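J.: Got a sequence here, can you model it:
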Amino acid sequence: MALILFLLVLTFFSTSFVKADNNDLLINVTCPSRVYSGEPFNFQVLIHNNSTTTSHNYTLIWEIDGDNDSRVTKFGCLKPDENITITSEYIIFVHPGAHCISISLFEDETEAYWNVFLIDVISIKAALTYSLTPIPVYPGSTFNLTLGLKNNGQDRIYNATIRVLPIKNAEKKIEFSPTTANLGDIVAGSTKSINIIFNVAADANPAIYNIPIYVYFFDKRGLFYEEYYYIPFEVSSREIKDRLELIEIKLENYFNSLKNYINQLQKNLMLITIVIVICVVITGAANYLYTKRTKRTFIKRGK
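T.: Residues are numbered from 1 along each chain as shown. Model (predicted):
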């Protein structure tokens, strides 16, 4: 990992010419080591003929991520002490992660230079999470909405803000606070949360509502990102709540009766078990006495 970071820093800007042994052509590559997903960029290659007497043919080849279909070839001839700057067309990486550009330089059909430039492609994205408690919601009740904004990208986001917009068709029967929360900066992989309290009026209409959430933030370049979310929730009627409470009471009474029945049954089973044990003992004793008496009678008759 440390080696990769070192290479990324090293390759962000080439600060000096690179020359192979026994070659006159020098090369200097300027290539970014970090770009944003979907952001166009290019790189530049400066080739210098360091010879003061000999002209040289050059062939410059580059590929992206080892894909032969992306290969670009530039060629020409440089006079003694002549320079040429070659700029690539704009390149766009869509998929985040590590990518690379390999560059080769040939001097009169002899390879004079080869290098791979690593490019870290980062994405900027965030996702909203939420939880609503308690549920169900009834007229005249209060509930909490916890909103979390998670940075799912590879770079810090700045000035992240969550704004709760008015609820359509609520007719001011559902109030909430706060309406806006600034979460500040969020590093990659982290989440920041806020808690919003909603008050439902006693005369609010039972229905399904959507809470509109507006989220926006900036990236390091100052580019603006925004997203709208809608969180559904239902305001149930008081009649349903009363019915549920009645069902809950009935179920509680039923379970209490069942519990009492089971306890009584356990007591009866225990009593039955005791009676059975006593009967077994009495039966055993009776058999013993009967057997003993029979033996004595048999002995007397034998005499």
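
J.: Look up which residues are beta-bridged to residue 119.
T.: residue 99 (DSSP bridges).

J.: Can you report how many residues neighbour it?
T.: Residue 119 has 23 neighbours, counted by other Cβ atoms under 10 Å. To be clear about C-beta, it is placed using only N, CA and C from the backbone, and glycine gets the same treatment.

J.: The one 4 residues further on too?
T.: When counting by other Cβ under 10 Å, one arrives at 18 neighbours for residue 123.

J.: Contact partners for it?
T.: Residue 123 is in contact with 36, 37, 96, 153, 154, 155, counting by Cβ atoms under 8 Å, 6 or more residues apart in numbering.

J.: do that again at 7 Å, thanks
T.: 37, 96, 153, 154 (Cβ atoms under 7 Å, 6 or more residues apart in numbering).

J.: per-residue confidence for it?
T.: If you check residue 123, the pLDDT there is 93.

J.: And it, how far from residue 100?
T.: Counting by Cβ to Cβ, to the nearest Å, the gap from residue 123 to residue 100 is 18 Å.

J.: Just name the closest of the contacts of residue 123 to residue 176, please.
T.: residue 153 (29.0 Å; Cβ to Cβ).

J.: Please settle this for me: is that closest one part of a strand?
T.: No: judged by DSSP: H, G, I helix; E, B strand; the rest coil, residue 153 forms no part of a strand; its state is coil.

J.: Check the contact between it and residue 188; I expect there is one.
T.: Yes: Residue 153 lies in contact with residue 188 (Cβ atoms under 7 Å); the separation is 5.9 Å.

J.: the helices in this structure, which residues?
T.: Per DSSP state H, the chain has helices spanning 2-12, 238-302. These are given in chain order.

J.: hey, least reliable of these by pLDDT?
T.: Minimum mean pLDDT among the helices of the chain: helix 2-12, a mean of 41.

J.: what about the strands in the stretch 101-250 of the chain?
T.: Along the stretch 101-250 of the chain, counting by DSSP state E, counting those that start in this stretch, strands occupy 110-122, 126-133, 142-151, 157-164, 174-177, 180-186, 191-200, 207-218, 224-235.

J.: Output the ones you listed in JSON lines, with distance to residue 277 appended to each entry.
T.: JSON lines is the format used below for the strands of the stretch 101-250 of the chain (distance: least, Cβ to Cβ, whole Å):
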{"stretch": "strand 110-122", "distance to residue 277": "80"}
{"stretch": "strand 126-133", "distance to residue 277": "55"}
{"stretch": "strand 142-151", "distance to residue 277": "59"}
{"stretch": "strand 157-164", "distance to residue 277": "72"}
{"stretch": "strand 174-177", "distance to residue 277": "68"}
{"stretch": "strand 180-186", "distance to residue 277": "72"}
{"stretch": "strand 191-200", "distance to residue 277": "64"}
{"stretch": "strand 207-218", "distance to residue 277": "64"}
{"stretch": "strand 224-235", "distance to residue 277": "60"}
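
J.: so which of those comes closest to residue 267?
T.: strand 126-133 (42.8 Å).

J.: Packing partners of that closest one?
T.: strand 142-151, strand 207-218, strand 224-235 (3 or more Cβ pairs under 7 Å, 6 or more residues apart in numbering; DSSP states H and E).

J.: could I get those as CSV with distance to residue 114 and mean neighbour count?
T.: Shown next, in CSV, are those (distance: least, Cβ to Cβ, whole Å; neighbours: other Cβ atoms under 10 Å):
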stretch, distance to residue 114, mean neighbour count
strand 142-151, 38, 18
strand 207-218, 40, 17
strand 224-235, 39, 13
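
J.: Okay then, goodbye and thanks.
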